[in-house]
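Trainee: Make a model of this:
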Amino acid sequence: MGCDIHLYVERKVDDKWVTADKWTPDPYSDEGEEHQLIVDDDDCFYGERNYDLFAILADVRNGHGTAGIITGTGFNPISEPKGLPNDVSPEVKAASDFWGSEGHSHSWLTLAELQAYDWNQVTTNIRVVDVLGFAEFEQHGNPYTFSDGVFGKKVKYISHEEMRERVAEYQPEIGELASSPNVLGPDWLEFKKKLLAEPVYYYTRVSWQTPYAVSVGDFLEETMPKLEALSYGKPENVRIVFWFDN
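Mentor: As a prediction, this is how the structure comes out:
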C-alpha cells in the first residue's frame, strides 16, 4: 500500500501561527453536510509521493518501500515525528481531525530547521532491474527504470555477469534504448512487451549512491523557495505541518 503526505504551511504573525495555504470548500462533500475545507492540489506547497523525502522529514518509509522491501541504507531524519504543534492553526487542526486515525506520524519543522539540514549527505539505493535497467545502470551509473522488488513464478534473479550476457544478446537495440534514459516512448514500450513475452523474467539487484538533494526531487528547488518567500528573512517564523496516510 502506498503512502502519501499531507503538508501544510504556517507563518507567525503577531506571535500567532496562521495558515499560509489557500483553503476552499470541498466540492465532493456529501449533500447536506458542512463543507470540509481543503487545499486543492494546484494550490498546495507540496504533495508528491517521495519516500526519500518522507524519510528525511520524519523517518517514514526510511530505507524500505511497500511491504517492507529494503530499498537502501536510508536517510538521517531531521527529526522523529513531533506530533501536531500545540498552537497549530485551526484550519490545519481541522484537516488533521478529518483524517483521524488514518493519518499518522504527525510532525512539523520550521524553515530554519530545513535550511540548517545537511542535504549534501549521501545515501545508498538498492533496487531491482531487468536487462534494460541493468544496461542503463552500466552506462550511466544508476538505472532510470527499476523496481523495489519483483516476485512470481516466472521471476528469476541472476548475477550481474549473467545479466551482462543478456544485455549482449539484445544489442544493438538495448544500447540505443539505454543511451536515451527515461524516455518512455514507443520503442521502449515495444521492448518491454518483448521481455514480458519471454517464459522467464530475469532480474538482478544493483546499488548506487545519491546525494539527499537529488533524492528529494523538486522539493529543494521548488518548494523551499516558496517557503523562503514567506519568511521575510526570518526562517523561524515559517513552518511546515504534515502527516501521512497509507
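
Trainee: what about Val18, which helix or strand?
Mentor: strand 16-19 (DSSP states H and E).

Trainee: tell me the mean pLDDT over that strand?
Mentor: The average pLDDT for strand 16-19 rounds to 98.

Trainee: Go through it and flag the buried ones.
Mentor: Counting neighbours by 16 or more other Cβ atoms under 10 Å, one finds that the buried residues in strand 16-19 are 17, 19. Placement of C-beta: from N, CA and C, glycine included.

Trainee: just stretch 189-206 next, same as before
Mentor: Within stretch 189-206, the residues that count as buried by 16+ other Cβ under 10 Å are 191, 201-204, 206.

Trainee: Also stretch 58-76?
Mentor: 58-65, 69, 71-72, 74-75.

Trainee: Repeat that for stretch 145-157.
Mentor: 145-150.

Trainee: Tell me how many other residues crowd Trp119.
Mentor: 16 (other Cβ atoms under 10 Å).

Trainee: which residues touch it?
Mentor: 211-213, 216, 220 (Cβ atoms under 8 Å, 6 or more residues apart in numbering).

Trainee: Got a PyMOL select line for the buried ones in these?
Mentor: A single PyMOL command selects the buried members of the contacts of Trp119 (16+ other Cβ under 10 Å):
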select buried, resi 212+216
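
Trainee: among the contacts of Trp119, which two are most distant?
Mentor: Pro211 and Leu220 (10.5 Å; Cβ to Cβ).

Trainee: Quick check: of the buried residues of stretch 58-76, which lies closest to Glu91?
Mentor: The closest of the buried residues of stretch 58-76, once distances to Glu91 are taken by Cβ to Cβ, is Ala58, at 20.8 Å.

Trainee: can you tell me which residues contact the closest one?
Mentor: Counting by Cβ under 8 Å, 6+ apart, Ala58 has contacts 77-81, 105, 107, 242, 244.

Trainee: Filter the residues you listed down to just the ones in strands.
Mentor: Within the contacts of Ala58, residues falling in strands by DSSP state E are 105, 107, 242, 244.

Trainee: coming back round to it: export the strand holding Val18 as CSV, just CAs?
Mentor: In CSV, the C-alpha atoms belonging to strand 16-19 read as follows (Å, rounded to 0.1, in the frame of the first residue of the first chain):
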residue,chain,number,x,y,z
LYS,A,16,0.4,33.7,16.4
TRP,A,17,0.7,30.9,13.8
VAL,A,18,-1.7,31.3,10.9
THR,A,19,-2.2,29.2,7.8
